[in-house]
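Chemist: Got a sequence here, can you model it:
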Amino acid sequence: MKRLLPALSMLVLAMAGPLLAPLPLDQPVTIPYGRAGTDGALLGGDQLGRDVLSRLLYGGRDLVIASLVVASLVTVIAAVLGVAGALHPGFGRFVERVADVFMLLPAVLGILLITQSWPHGGQLALVVAAVALGMPYAVRFMTAAAAPVVATGYVEAAVAGGERTWHLIVREVLPNLRSTVLALFGLRFVAAVYVVSTAAFLQVGPQPPAADWALMIRENSAGIVLNPWAVLAPGIAIGLLAMSVNLAAGALTPKVRNT
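Modeler: Model (predicted):
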């Protein structure tokens, strides 16, 4: 439980951040790249003199929401496809071949390919890109995890009894993979944070003047010498979010016992 607290704390802070912001989001309160403490701005100002701390508190919510949506979609779809592939080897081989093709696509190229071919897709296009990039690894993970369960006697008895595939997936196999599914969700959330942040840095997702951690890094990189916190604070926030969730995912990963 202790290993879950950092992730829960970061998620709560990111979601409640706008309520804690001490100053207006878009109102200049200091000179451009004002140093920490100038004119009441605890972390100084950004390239337009806006309060870095307030924009930092505002900037995590959209990232967390988008990452949660992506992680949830990838986990649910991969769990169904992975178990179905373990139950039906022919279908499983087809899914693995498709996954192999998508795994060859670099993340940045995949983001640009999907979002630029769907110019008015906005956040939805970004979510589709992140799901497509995360699916191959997740499906392979779930297929490997489901294979031993599918080979057990009670599943074979259910198959012999004529149970439908959907019943086998939902009632027979997935209940025995709860910790694996939770671990996969945590890992996919970390990967989604990476993909969504990369897209924001490339200005494919959120656009100025939106408050977004990756976008803050891009916008303020030119003034890192004048006010380092304008770049360091959002970078640290992204790192802490990813590491805390990764720690939680590690705590949920099933442990292999030697017999």
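Chemist: Would you mark the buried spots in stretch 26-43?
Modeler: Taking 16 or more other Cβ atoms under 10 Å as the basis for neighbour counts, the residues of stretch 26-43 that come out buried are P28, V29, T30, I31, P32, Y33, G34, A36, T38, A41, L42, L43. Every C-beta, even on glycine, is put in place using the N, C-alpha and C of the backbone.
Chemist: Spit out the contact partners of the residue lying closest to the fifth one once chain neighbours are set aside.
Modeler: Counting by Cβ to Cβ, 6 or more residues apart in numbering, the nearest residue to P32 once its immediate chain neighbours are dropped is G49, at 5.0 Å. If a contact means Cβ atoms under 8 Å, 6 or more residues apart in numbering, then G49 has P28, V29, T30, I31, P32, G34 as its contacts.
Chemist: Nearest to the middle of this protein, which residue? Look it up for me.
Modeler: Nearest to the centroid of the C-alpha atoms of the chain, with distances taken as Cα atoms, centre = their mean, sits A192, at 2.5 Å.
Chemist: any idea how far V101 is from M135?
Modeler: Taking Cβ to Cβ, to the nearest Å as the measure, V101 and M135 are separated by 11 Å.
Chemist: between these two, which one's more packed in?
Modeler: Looking at V101 and M135 with other Cβ atoms under 10 Å, you find the greater number of neighbours at M135, namely 21 against 9.
Chemist: pretty sure that one contacts V76?
Modeler: No: checked against Cβ atoms under 8 Å, the pair M135 and V76 is beyond contact range at 10.9 Å.
Chemist: hang on, the earlier thing: which two from the contacts of G49 end up farthest apart in space?
Modeler: Checking those against each other with Cβ to Cβ, the farthest-apart pair comes out as V29 and P32, at 11.2 Å.
Chemist: Which strand or helix spans the closest residue in space to L177 that isn't next to it in sequence?
Modeler: Distances taken as Cβ to Cβ, 6+ apart place A145 nearest to L177, at 5.8 Å, with adjacent residues excluded. Secondary structure from DSSP states H and E places A145 in helix 122-150.
Chemist: for that helix, packing partners?
Modeler: Using 3 or more Cβ pairs under 8 Å, 6 or more residues apart in numbering; DSSP states H and E as the contact test, the elements touching helix 122-150 are helix 52-87, helix 89-103, helix 107-117, helix 178-201.
Chemist: okay, the ones you listed in a markdown table with mean pLDDT and distance to W229 next?
Modeler: Formatted as a markdown table, the entries for those read as follows, by pLDDT from 0 to 100; distance: least, Cβ to Cβ, whole Å:
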| stretch | mean pLDDT | distance to W229 |
| --- | --- | --- |
| helix 52-87 | 90 | 6 |
| helix 89-103 | 83 | 38 |
| helix 107-117 | 77 | 27 |
| helix 178-201 | 86 | 18 |
